[in-house]
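Engineer: The sequence isn't on hand, but the structure is:
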């Protein structure tokens, strides 16, 4: 039963965005959807794709005047590149570039001489605090700063910067920040002391779909769906009975399939049969159509059955798993974020950024999702910020993976070694066979014997999540500072591996350190060079053929919790 709903204004905006001309006649939803199908066919024939998801390539580089790697013949240069075009004003002090986070369009470039001008810190503060909403804010120091920076530190923090921020003269500093209230996971900061720079960030950021409108292909078995334009959210009102029509659901247009994708939205339970803390609301994914998809929903009223997974096949609901959530169920009357990451048949479900469950999908991988609520429980649900986007990374065998502004937490405090191998986050790169470089900043938060105990590192040449080369570091072992090896069918292997001291000693716990691996065809068997904090540690031949794919790992079974940031493959 497809209903004529009161969100036609949203549908009209979506059709106009795809090339339809106004006025669009009012007509049943089925006809509107047929018009959208025609636009999809136009897209397949070479026209603009209505639900196109694009990326923004960001490169921010800060050079201090005394940095050994600065641009030759200069006192340092600040580069702020968007898709290869440098928008930096290249002036001493803090250079700032603002970008529209939805379209990727350049908005403005400013510079503040926080080295020489005594009012520059206040001017920088006021400028940054005046940026709001969906804006990406890129910051890089050129030459020198610091004497007059202090007034602006809290303004940088508002954009996602992490403290402490270096205030040493001629230190280098780079930031990829965000002005909105809900901070995305891609926020990054890099800084180096004087003589230790430059500081550099490479990121590929997914842009939102079609501006502020997501494209609806079906609204099924709902009493109504209304868009609140001033508040930029949608309201779903469910039917009074679930016997024949179990789920009130909204299905969005699919995106171009990638190796993995994420469906996400912020949800709010406004009403249920026992008030705001009773209801059944969630996300659907792998949608073949409006009657065949996987799903997960949450129960604000149930601690023991916080989430429920299942699927709808030919309009019939099948339940699979229901368990508690690590931090309890979501509260009614409060917005909470939900996301589902799909990689092949593996599915990870997150509530408020915390991994709730890892399950197997019923349906084949299909990059299409939506929002739904269960009928028959007087449920009224609000949702906003819905999107389906390609996913850049996928975790496996972790107790928990949590995204914070500027870094990601990986919790491996479970299982046994070596049976449970590694907690790992894989970045879904193109898998080409050309030489490449992989790097990341790592931080050992805690292990079985405190901050200076752990096994954390990176992996590369990944055939898939269970077959790859790796190197990890032991903060607790000067004599066995590093360890190479490989994983075969999910099991760690060490035949032909290397373990020895590091030239500058093992990395310290509770401190950020950089790991870099270069993989090349320098020899017929391939060649891997491992660097710790910029110093060559070891060279060896990889087990697997060169493949431009990898990630971050930490060994299970040692109560290890780590952070990582600035992961990059280039």
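Structural biologist: Everything's here; your move. Predicted, not measured: the structure shown is a model, and the values here were computed from it. Numbers count the residues shown, from 1 in each chain.

Engineer: Ramachandran angles for residue 462?
Structural biologist: Note on residue 462: its backbone torsions stand at phi -70, psi 110 [degrees, to the nearest 10].

Engineer: Span of stretch 270-285 from start to end?
Structural biologist: Using Cα to Cα, to the nearest Å, the end-to-end distance of stretch 270-285 comes to 23 Å.

Engineer: next one: that stretch to chain centre, how far?
Structural biologist: On the basis of Cα atoms, centre = their mean, to the nearest Å, stretch 270-285 sits 26 Å off its chain's mean C-alpha point.

Engineer: Repeat that for stretch 146-157.
Structural biologist: Put simply, stretch 146-157 sits 27 Å off its chain's centre (Cα atoms, centre = their mean).

Engineer: where are the low-confidence patches of the stretch 451-570 of the chain?
Structural biologist: Scanning the stretch 451-570 of the chain for pLDDT under 70 picks out nothing.

Engineer: where exactly do the helices run in the protein?
Structural biologist: Under the criterion DSSP state H, the chain contains helices at 8-17, 29-44, 120-129, 153-158.

Engineer: Would you single out the least confident of the ones you listed?
Structural biologist: Mean pLDDT is lowest for helix 29-44 among the helices of the chain, at a mean of 35.

Engineer: Following the record's annotation, map out the domains of this protein.
Structural biologist: Following automatic domain parsing, one gets these domains for the chain: 57-205, 213-391, 394-569.

Engineer: Make JSON lines out of those and add mean neighbour count.
Structural biologist: No exception for glycine: its C-beta is placed from N, CA and C like everyone else's. Below are the domains of the chain laid out as JSON lines (neighbours: other Cβ atoms under 10 Å):
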{"stretch": "domain 57-205", "mean neighbour count": "19"}
{"stretch": "domain 213-391", "mean neighbour count": "19"}
{"stretch": "domain 394-569", "mean neighbour count": "19"}
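
Engineer: these two touch, right, residue 102 and residue 133?
Structural biologist: No - at 9.6 Å, residue 102 does not count as touching residue 133 under the criterion of Cβ atoms under 8 Å.

Engineer: any idea where the strands of the stretch 51-200 of the chain begin and end?
Structural biologist: Secondary structure of the stretch 51-200 of the chain (DSSP state E, counting those that start in this stretch): strands located at 55-64, 79-82, 85-86, 93-100, 106-112, 135-143, 172-178, 188-192, 199-206.

Engineer: now those strands in JSON lines, with mean pLDDT and distance to residue 386?
Structural biologist: As requested, those are exported to JSON lines (pLDDT from 0 to 100; distance: least, Cβ to Cβ, whole Å):
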{"stretch": "strand 55-64", "mean pLDDT": "91", "distance to residue 386": "19"}
{"stretch": "strand 79-82", "mean pLDDT": "94", "distance to residue 386": "26"}
{"stretch": "strand 85-86", "mean pLDDT": "91", "distance to residue 386": "31"}
{"stretch": "strand 93-100", "mean pLDDT": "94", "distance to residue 386": "19"}
{"stretch": "strand 106-112", "mean pLDDT": "91", "distance to residue 386": "25"}
{"stretch": "strand 135-143", "mean pLDDT": "95", "distance to residue 386": "20"}
{"stretch": "strand 172-178", "mean pLDDT": "94", "distance to residue 386": "19"}
{"stretch": "strand 188-192", "mean pLDDT": "92", "distance to residue 386": "25"}
{"stretch": "strand 199-206", "mean pLDDT": "87", "distance to residue 386": "14"}
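
Engineer: Now render those as TSV, adding distance to residue 307.
Structural biologist: Putting the strands of the stretch 51-200 of the chain into TSV (distance: least, Cβ to Cβ, whole Å) gives the following:
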stretch	distance to residue 307
strand 55-64	31
strand 79-82	39
strand 85-86	44
strand 93-100	35
strand 106-112	40
strand 135-143	33
strand 172-178	28
strand 188-192	31
strand 199-206	26
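
Engineer: Of all those strands, which one comes closest to residue 499?
Structural biologist: Closest approach to residue 499 among those (Cβ to Cβ): strand 188-192, 29.3 Å.

Engineer: residues contacting residue 341?
Structural biologist: 260-262, 347-348, 350, 391, 394 (Cβ atoms under 8 Å, 6 or more residues apart in numbering).

Engineer: how about a cut-off of 7 Å?
Structural biologist: 260, 262, 348, 391, 394 (Cβ atoms under 7 Å, 6 or more residues apart in numbering).

Engineer: And for residue 64?
Structural biologist: 76, 143-144, 170-172, 194, 197.

Engineer: can you do 8 Å?
Structural biologist: Taking Cβ under 8 Å, 6+ apart as the criterion, residue 64 is in contact with 70, 76, 141, 143-144, 170-172, 192, 194-195, 197-198.

Engineer: check contacts around the residue lying closest to residue 270 once chain neighbours are set aside.
Structural biologist: Excluding the flanking residues, the one nearest residue 270 by Cβ to Cβ, 6 or more residues apart in numbering is residue 380, at 4.4 Å. Residues in contact with residue 380 (Cβ under 8 Å, 6+ apart) are 235-238, 270-272.

Engineer: between the residues you listed, which is nearest residue 549?
Structural biologist: residue 236 (39.2 Å).

Engineer: Name whatever forms a beta bridge with the closest residue to that closest one other than its chain neighbours.
Structural biologist: Leaving aside its sequence neighbours, residue 236 sits nearest to residue 381 (Cβ to Cβ, 6+ apart; 4.6 Å). Beta-bridge partners for residue 381, by DSSP bridges, are residue 236, residue 269.

Engineer: Show the pLDDT at residue 381.
Structural biologist: So, for residue 381, pLDDT stands at 97.

Engineer: Quick check: residue 356 touching residue 325?
Structural biologist: Yes - the pair residue 356 / residue 325 is scored as a contact, 5.2 Å apart, by Cβ under 8 Å.

Engineer: Need the overlap of contacts for those two.
Structural biologist: Counting by Cβ under 8 Å, 6+ apart, the shared contacts of residue 356 and residue 325 are 306-307.

Engineer: Residue 414 is nearest to which of the strands of the stretch 51-200 of the chain?
Structural biologist: Short answer: strand 188-192, nearest of these by Cβ to Cβ, at 28.2 Å.

Engineer: Check the offset of that closest one from the chain's centre.
Structural biologist: Its chain's C-alpha centre and that of strand 188-192 lie 18 Å apart, by Cα atoms, centre = their mean.
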